[in-house]
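**Q** structure, please.
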Amino acid sequence: MVREIQPHDIGIMLYDISIATLTKAKKRWRRAYFTIYFTNTIARNVISKALPSSKCPSYSVIDIIPQIVVPKVSIDIKEVSHQLFYDVDQTKLINIVQNKDLETLRRFDGVKGLAKTLHTDLENGINGQDLNERTTVFGSNTYEKPPPKGLFYFVVETFKDVTILILMGCAVLSLGFGIKEDGIKDGWYEGGSILLAVFLVIIVSAVSNFRQEKQFDNLSKISNNIKIDVVREGRRQKISIFDIVVGDVVILNVGDQIPADGLFIDGHSLLVDESSMTGESEQIEVNAISNPFLISGAKVADGHCRMLVLSVGMNTAWGKMMSSITGDNNEQTPLQSRLNKLTSSIGKVGLAVAFLVLVVMLIRYFTGNTEDENGKREYNGKRTSINEILDSVTSIFSAAVTIVVVAIPEGLPLAVTLTLAYSMKRMMGDQAMVRKLSACETMGSATVICTDKTGTLTMNQMTVTKFWLGLEFIEQYSSNAIALKVLELFNEAVGFNTTGTVFKHSSRLVPEYSGSPTEKAILSWAVEDLDMDMEKLKQSSTVLHVETFNSKKKRSGVSIRRTNDKTIHVHWKGAAEMVLAMCSKYYNSNGCKTIIDSDSRSQLENIIKGMAASSLRCIAFAHKKVLEGTDYQTLTEEGLTLLGIVGLKDPCRPGSKNAIETCRFAGVQIKMITGDNVFTAKAIATECGILEPGQEVSEEEVVEGAQFRNFTDEERMQKVDKIRVMARSSPFDKLLMVKCLKQKGHVVAVTGDGTNDAPALKEADIGLSMGIQGTEVAKQSSDIVILDDDIASVSTVLMWGRCVYNNIQKFIQFQLTVNVAALVINFIAAVTSGEVPLTAVQLLWVNLIMDTLGALALATERPTKELLNKPPVGRVEPLITNIMWRNLLAQAIFQITVLLTFQFKGKAIFNVNERVKNTIIFNTFVLCQVFNEFNSRKLEKRNIFKGIHKNRLFVGIIGVTIILQIVMVEFLKNFADTERLNVVQWGICVGIAGLSWPIGWLMKLIPVPDKPFLSYIRG
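**A** Down below sits the predicted model:
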């Protein structure tokens, strides 16, 4: 991007300064040039006028014109970038973190020195105007991926199929013999037709696999696009990790993945898990003195900090490692494994039948029991040429191989892949991102869902609605009603003991709050009601030590030293009843301390219970002034003074009650596991419909985490089914419940958002993490990410899980009907008459209808509410149910009966020749599959057309199949070995095939036993 400036045109140049669309850095360089030019010009003019003129000067004056410096000025982004960061040695930046080089870091004057070098303000971050320059000089935070697999790769993979290779070999031989015997004009039809049909199967299969691979790549991009907090221009904001640049100030909290290599600026109690990079499971402490190095790819196990980014993307060890990992998705889901076994079993039967057909047809041929189209014997001993024998044997062999192709239901794995890929795509629209394919199908079998409260059942939009100062209830706008001393302590308690931030924008009246919903609610309440000023607070005191929030203790603490009197103060914040237990006194509104006796403690406990019963989250604040010389690294937990208690309202999600009713109706139990106290938990559970309103709740239905933990193993196993709410639970309690439920035979789904939820999410059959509040550790431990954190989306995932299973069962029924019919028809015809009525090309066309188009039509049915009317599918229930056996055997027997009748009596019935008879058989067989595709839409329901207008893809595929069948019969007679049919013959074919519908309707009236059909055979 180069702009030329003429040296003498000062007016134009000055105008260009104001209108040029340049960055601030480039404008500064341009202004500097103009200033020098302008000054020199004026100076030259002034000096030349001031000097006395002389006709004969004794010396020479050289008139220096500024344009000799550079006749033309060119400024481009890259040049300015290097000038802005001219003194930065990028290699040293990279090596400082990767080698954990403290010595080099000291030479740079530590983090502050490096921040200055990188033009970063450690408090306010980068200015945001030089992002392009930083990316140009230091690179982007992305890594080079291996090139995606192209369509050609999948074509080659499909060619590796043994049956395809055998068929192609037969086609080539047939082509050779045909051309030799009948010439190139007519001899290529049979061999060429088989080749064309095989290529069509290959292309369709390859395109399907290619599209699925692209879909997985797109989902992978979405799941890798992690959001992280950074500070830019003094404002905390969320950006994609791909947008992070060198010099950024990143805020890291528990569960975050470190997005780039960098240095610790400040923070507290930071423990980092580097096992993904080093393999060492031990957590590493990171601090400003001995180990300030933060490596990309590692995860924050505890604490929080701010970090200065030094290197990004391919300049980090994580980037190099990720670029070397290929994105192969070879994951086999349990259902795919079961289908592969089914495919293998059917394939073996098909091979046996094909071998029998081959043997029978060869025997019939060599014993002279076969005739050609003219009614002459094909084999006449020595009079038959070698070419004729090879041609006939190749044709027989080709027919046998084609039977194998039709018999092996390779469409089953394809159907699963299509169903899962389609479901994954649709589930994204329904706010669920699938990370592991197996979760799609497993979710359909879920019998229990253990759900969090906050953000899942509730809106996660906290507001402070009640405030108690000791035993006094304080109304809103309470700063005037509280003594100045207590108000000051409250501001310290809120402002310093928080992981949130307050940002006051110069152009906006309302401040911007960031952090967790609880932190944001308390900060906004303190700023608006207690007149808290964060900037003044930061200047008034220094933070000495922080104890981050702990899910076991359920509280966080901070010690500070005031600047004016150097006194040290400890502040605690956390679950109200736990903080109250640490207090011996409380403040009242006039600033006096009162001892907490048994009566006042009972009153305070009742206040907490009352707020909790109103479904409020109760947070208490406590304070203690400690003596100088006390070890401030250990915060005192005794003899505290209660500052006050706030109640935060988090309303239930509008759809949570309906979602829970839906799950219950589907036979799935809902258990709420929360860290809140038992009264809040009961109130929310009743509001959401987990507990019935107005009914007495038994002790077995609502328990606390500690109580559940202390049960014996036998007691836990006995009571776990009855528990509906577990309050004051820790992540360990959640894990313990999941293990108990699995031992009882349940298929368990668990929701979780915290780092500590990771063990339970991994242990569960389906781990559901939260997309908004979930930490990166929780997401990576889960199978499905609920993008909107809503329980209603969990019930949608349940429906999709059942839909996947149901769609695959539909396709199995459809596929096996074709397999059974084609095998029996060809086998009986071959054994009795020595001929197969369905040729290789025709069977390959049927194979295409079944495997690809059929899979696409039946695998893309959307879920319906009907799926939730049945109980969950068990882990070990057979894939082919008795209902499916009833449906497929009825249709197969009907097709076999009709087509074998046509095979043996067709000529007489229709008064046609052999070729037309075979065309009628082929046409009827294909149309039977088309009609049966409708039957397969509903396994049990008699109305097979319900909702068909919503599935345009199904209707489209049926339409395409019928059009292609008409083309095959009427226009491709040489290719498909068919003859044109008249209107009457078409009517007969359609009429016979149409009988599939009433037969299917009648068969669904016949009840079937619950005991699996195959168990009778096994005895």
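
**Q** what's the spacing between the longest helix along the chain and its chain's center?
**A** Determined from DSSP state H, the single longest helix within the chain is helix 791-833. In terms of Cα atoms, centre = their mean, to the nearest Å, the centre of helix 791-833 is set 28 Å apart from its chain centre.

**Q** let me see the mean pLDDT of that helix.
**A** What helix 791-833 shows for mean pLDDT is 85.

**Q** where in the stretch 251-400 of the chain is pLDDT low?
**A** Across the stretch 251-400 of the chain, the ranges flagged by pLDDT under 70 are 276, 278-281, 323-337, 372-375.

**Q** that older thread, tell me which helix or strand comes right after the longest helix of the chain.
**A** helix 840-848 (DSSP states H and E).

**Q** ok now that following helix, how far from the chain's centre?
**A** Its chain's average C-alpha position is 38 Å from that of helix 840-848, according to Cα atoms, centre = their mean.

**Q** report the angle between it and helix 791-833.
**A** For helix 840-848 against helix 791-833, the angle by axes from the mean of the first three to the mean of the last three Cα atoms, to 10 degrees is 160 degrees.

**Q** which elements pack onto helix 840-848?
**A** Helix 840-848 sits against helix 162-187, helix 189-224, helix 386-407, helix 791-833, helix 914-936, helix 973-976, with contacts defined as 3 or more Cβ pairs under 8 Å, 6 or more residues apart in numbering; DSSP states H and E. For every residue, glycine as well, the C-beta is placed using N, CA and C.

**Q** point out where the stretch 501-650 of the chain drops to low pLDDT.
**A** Applying pLDDT under 70 to the stretch 501-650 of the chain flags residues 506-507, 632.

**Q** okay, strands next: where are they in it?
**A** 501-503, 512-514, 541-550, 555-562, 568-575, 583-587, 593-595, 616-626, 640-649 (DSSP state E, counting those that start in this stretch).

**Q** next, the buried residues of the longest one.
**A** Looking back up the chat, that one is strand 616-626. Within strand 616-626, the residues scored as buried using 16 or more other Cβ atoms under 10 Å are 616-624, 626.

**Q** now do the longest helix of the chain against helix 914-936, angle only.
**A** Using the same axes, to 10 degrees: helix 791-833 against helix 914-936 is 160 degrees.

**Q** let's have the chain start at 17 instead
**A** I'll keep to 17 as the first residue from here, and by that count the last item is helix 807-849.

**Q** helix 807-849 to helix 402-423, inter-axis angle?
**A** In terms of direction (the same axes, to 10 degrees), helix 807-849 departs from helix 402-423 by 150 degrees.

**Q** using a markdown table, lay out the helices and strands packed on helix 856-864 together with mean neighbour count.
**A** Shown next, in a markdown table, are the helices and strands packed on helix 856-864 (neighbours: other Cβ atoms under 10 Å):
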| stretch | mean neighbour count |
| --- | --- |
| helix 178-203 | 16 |
| helix 205-240 | 18 |
| helix 402-423 | 21 |
| helix 807-849 | 23 |
| helix 930-952 | 22 |
| helix 989-992 | 17 |
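
**Q** Ala448: which of those is closest?
**A** Taking Cβ to Cβ, helix 807-849 is the member of those nearest to Ala448, at 4.9 Å.

**Q** the residue nearest to Met338 when sequence neighbours are not counted: what secondary structure?
**A** Leaving out its chain neighbours, the residue that sits closest to Met338 by Cβ to Cβ, 6 or more residues apart in numbering is Tyr159, at 4.7 Å. Following DSSP: H, G, I helix; E, B strand; the rest coil, Tyr159 is assigned to coil.

**Q** neighbours of Tyr159, how many?
**A** 21 (other Cβ atoms under 10 Å).

**Q** need the pLDDT of it.
**A** Here, the pLDDT recorded for Tyr159 equals 79.

**Q** before we move on, what about the one 4 residues further on?
**A** Each residue has a pLDDT score; the one for Pro163 is 74.

**Q** how far away is it from Leu1018?
**A** Pro163 is 56 Å from Leu1018, where distance means Cβ to Cβ, to the nearest Å.

**Q** more crowded one of these two?
**A** Using other Cβ under 10 Å as the criterion, Pro163 and Leu1018 rank with Leu1018 on top: 11 against 7.

**Q** just the angle between the strand or helix carrying the more buried one and helix 930-952, please?
**A** Element membership of Leu1018, judged by DSSP H and E, is helix 1012-1019. Angle, helix 1012-1019 to helix 930-952, by the same axes, to 10 degrees: 50 degrees.

**Q** low-confidence ranges in the stretch 17-166 of the chain?
**A** Across the stretch 17-166 of the chain, residues meeting the criterion (pLDDT under 70) sit at 17-100, 102.

**Q** run the angle between the one helix or strand Val983 maps to and helix 930-952 for me.
**A** Using DSSP H and E, the element containing Val983 is helix 968-986. Computed with the same axes, to 10 degrees, the direction of helix 968-986 lies at 170 degrees from that of helix 930-952.
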